[in-house]
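S.K.: sequence plus predicted model, see below.
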Amino acid sequence: QVQLVESGGGLVQPGGSLRLSCAASGSIFTIYAMAWYRQTPGNQRELVAVITGSGSTNYADSVKGRFTISRDNAKNMVYLQMNSLKPEDTAVYYCNANLKTGATTRSYNYWGQGTQVTVSS
């Protein structure tokens, strides 16, 4: 079994910062890309940032220059540092990992349960 658990969400004022963390645990053989998505009511889940196993990153245009994704491969963790937060960043943020549970298995996408980020004064 594989679990992804996010933490670090909360209420922050516009212009403030938050750091989200996601820990992957369980029967993990190798993790490829890890990513953060977000979703607001009535809308599709959207990609915020992704980081490959080698550390290459990509960001949604709306967060470039404000958010930074990073990972700790030794701890199977991914982080999202969010600065200069805006009210439109308010959403439930989900951690995603593409990983294998065995040497001969294919890779699958796993999701965390989500953490609420609210940007409001």
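M.R.: Received the coordinates, thanks. Numbers count the residues shown, from 1 in each chain.

S.K.: bridged to the residue nearest the centre of the chain, which residues?
M.R.: In the chain, the centroid-proximal residue (Cα atoms, centre = their mean) is residue 36; its distance is 2.6 Å. Counting by DSSP bridges, residue 36 forms beta bridges with residue 49, residue 95.

S.K.: got it, and residue 59?
M.R.: In beta-bridge terms (that is, DSSP bridges), residue 59 pairs with residue 49.

S.K.: one more: residue 31?
M.R.: With DSSP bridges as the rule, residue 31 is bridged to residue 99.

S.K.: sorry, back to before: quick check, the residue nearest to the centre of the chain in contact with residue 92.
M.R.: No: counting by Cβ atoms under 8 Å, residue 36 stays clear of residue 92, with 11.0 Å between them. Any C-beta I mention is one placed from the backbone N, CA and C, and that applies to glycine too.

S.K.: what about residue 23, helix or strand, and which?
M.R.: strand 18-26 (DSSP states H and E).

S.K.: pLDDT score for the residue of the chain positioned farthest from its centre?
M.R.: Distance from the centre of the chain peaks at residue 104, with 26.5 Å (Cα atoms, centre = their mean). Note on residue 104: pLDDT of 88.
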